[in-house]
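Student: coords please:
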Amino acid sequence: MGTTAENMAAENKKKRRRAVAGLAWLSLLGVGFSIVRAQEPTVEVDTALIVSVDVSNSVDDARYKLQMEGIARALEDPGVIQAIVGGAKGGILFSMITWADQAKVNLPWTRITNAEQAKAAAMRVRALPRQGGEFTCMSRMMRFVSDKIVPQVPAKAVKVVLDISGDGRDNCNEQEPVKQVRDELVSYGVTVNGLPILEGNEGEGEGPGGVPTQSYLPTKPGESSSAPLEDWYRDHVKGGPGSFVLPANGYADFGRAIRQKFVLEVSSLF
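Tutor: Have a look, this model is predicted:
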């Protein structure tokens with residue numbers, strides 16, 4: 001038999017082994033918990049909606065206010081709110097940019113899942129500072145969206161929609177055509193919708209029901225100058241599954257058009 005001192009030493013050795021084993025088990029538990037957290041499902045939304053608003057030289061202060069107020073009222077509209085919360089995921093992501101010579105994020109990604117959040121977003125839209133610019137650089141704006149906005153969608157979205165409104169076609173003479181960037185966005189799964197604002201004296205014409213349409217000026221040899229802006233949007237802007245063009249008959253009609261457009265864009269039917 002060993003001495004008392006030897007027995008005590010052996011017992012202490014056993015305690016140290018048990019302590020080390022316990023620490024190792026806790027460490028493994030910690031790793032396990034971190035793996036569980038990392039594998040938790042991400043937030044999901046029905047639609048990630050990017051609203052892009054033309055603020056180029058043709059948009060004066062009055063027109064700018066009509067656009068901002070139209071978007072704000074659309075977000076507050078009961079029909080729009082019902083479409084937002086009525087989807088399978090129960091909400092959307094909303095982001096807004098303004099663009100002219102350059103594009104600027106005015107409202108970063110905001111999750112909307114109820115009426116209060118929709119109204120809070122509307123208040124933020126009304127408070128946005130005025131941004132100006134000379135040209136209608138649509139291709140440049142779409143490149144910005146493709147490179148900076150779409151890759152940063154902070155939730156899994158059933159659909160991603162880029163909503164483009166403006167009163168003219170791209171006039172920056174970019175080397176990268178609008179169609180080319182549009183097609184790139186579509187290849188990423190983005191739906192691009194257009195809201196041409198048929199305003200001013202860029203051209204004359206008459207659409208369905210006698211609604212006046214707007215023409216655009218050609219910048220390429222052989223390009224027709226009589227095609228209305230609505231047709232240009234259909235050819236150059238519209239793209240992707242369920243895409244459409246919904247014109248506004250002037251800036252005074254913008255609020256009606258954007259409200260109708262929001263319902264279609266966030267509805268599960270489209």
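Student: If F94 is in a bridge, with which residues?
Tutor: On the basis of DSSP bridges, F94 takes part in beta bridges with L49, T110.
Student: Show the model's pLDDT score for it.
Tutor: pLDDT recorded at F94 is 98.
Student: mind listing the strands for the stretch 51-200 of the chain?
Tutor: Listed from the start of the chain, the stretch 51-200 of the chain has strands (DSSP state E, counting those that start in this stretch) covering 92-99, 103-112, 156-166, 190-196.
Student: Ok, which of those comes nearest R234?
Tutor: When these are ranked by distance to R234, counting by C-beta to C-beta, first place goes to strand 190-196 at 7.3 Å. Using the backbone N, CA and C atoms, a C-beta is placed for each residue, glycine as well.
Student: and T47, how far is that from I84?
Tutor: As for T47, its distance to I84 is 8 Å (criterion: C-beta to C-beta, to the nearest Å).
Student: any common contacting residues for those two?
Tutor: 92, 266 (C-beta atoms under 8 Å, 6 or more residues apart in numbering).
Student: Could you double-check that E69 sits in contact with L128?
Tutor: No - the pair E69 and L128 does not pass the contact test of C-beta atoms under 8 Å, sitting 11.1 Å apart.
Student: so who does the residue nearest the centre of the chain touch?
Tutor: Nearest to the centroid of the C-alpha atoms of the chain, with distances taken as C-alpha atoms, centre = their mean, sits I50, at 1.9 Å. I50 is in contact with 95-97, 145, 149-150, 160-163, counting by C-beta under 8 Å, 6+ apart.
Student: Any chance of TSV for the residues you listed, columns neighbour count and distance to R124?
Tutor: Formatted as TSV, the contacts of I50 follow (neighbours: other C-beta atoms under 10 Å; distance: C-beta to C-beta, whole Å):
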residue	neighbour count	distance to R124
S95	21	11
M96	23	9
I97	22	14
V145	25	20
I149	23	17
V150	18	21
V160	22	21
V161	24	20
L162	30	20
D163	21	17
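Student: Just the closest of these to V192, please.
Tutor: Nearest to V192, judged by C-beta to C-beta, of the contacts of I50 is L162 at 4.8 Å.
Student: thought that closest one was touching V190?
Tutor: Yes - at 5.6 Å, L162 and V190 qualify as touching, with contact defined as C-beta under 8 Å.
Student: L107 and P129, how far apart?
Tutor: With the distance defined as C-beta to C-beta, L107 ends up 12 Å from P129.
Student: More neighbours: which of those two?
Tutor: Neighbours were counted for L107 and for P129 using other C-beta atoms under 10 Å; L107 has more, 16 against 6.
Student: Now do the contacts for the closest residue to the more buried one other than its chain neighbours.
Tutor: Excluding the flanking residues, the one nearest L107 by C-beta to C-beta, 6 or more residues apart in numbering is M96, at 4.0 Å. When the contact criterion is C-beta under 8 Å, 6+ apart, the partners of M96 are 50-53, 71, 105-107, 125, 128.
Student: Please identify which of the residues you listed is nearest to R259.
Tutor: Looking across the contacts of M96 and measuring by C-beta to C-beta, the closest to R259 is I71, at 9.0 Å.
Student: Can you tell me how far the closest one is from L107?
Tutor: Using C-beta to C-beta, which is the criterion applied here, I71 is 10 Å from L107.
Student: Which neighbours do these two have in common?
Tutor: Counting by C-beta under 8 Å, 6+ apart, the residues touching both I71 and L107 are 96, 125.
Student: picking that back up, could you export the contacts of I50 to CSV, including columns for distance to S139?
Tutor: Conversion of these to CSV gives the following (distance: C-beta to C-beta, whole Å):
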residue, distance to S139
S95, 20
M96, 19
I97, 14
V145, 11
I149, 15
V150, 16
V160, 19
V161, 19
L162, 13
D163, 17
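Student: right, and out of those, which lies closest to L198?
Tutor: Compare each of the contacts of I50 with L198 using C-beta to C-beta and the shortest gap goes to D163, at 17.0 Å.
Student: Quick check, that closest one in contact with A257.
Tutor: No - D163 is not in contact with A257 according to C-beta under 8 Å; the separation is 10.8 Å.
Student: was I right about I197 contacting F254?
Tutor: Yes - counting by C-beta under 8 Å, F254 is a contact partner of I197 at 6.2 Å.
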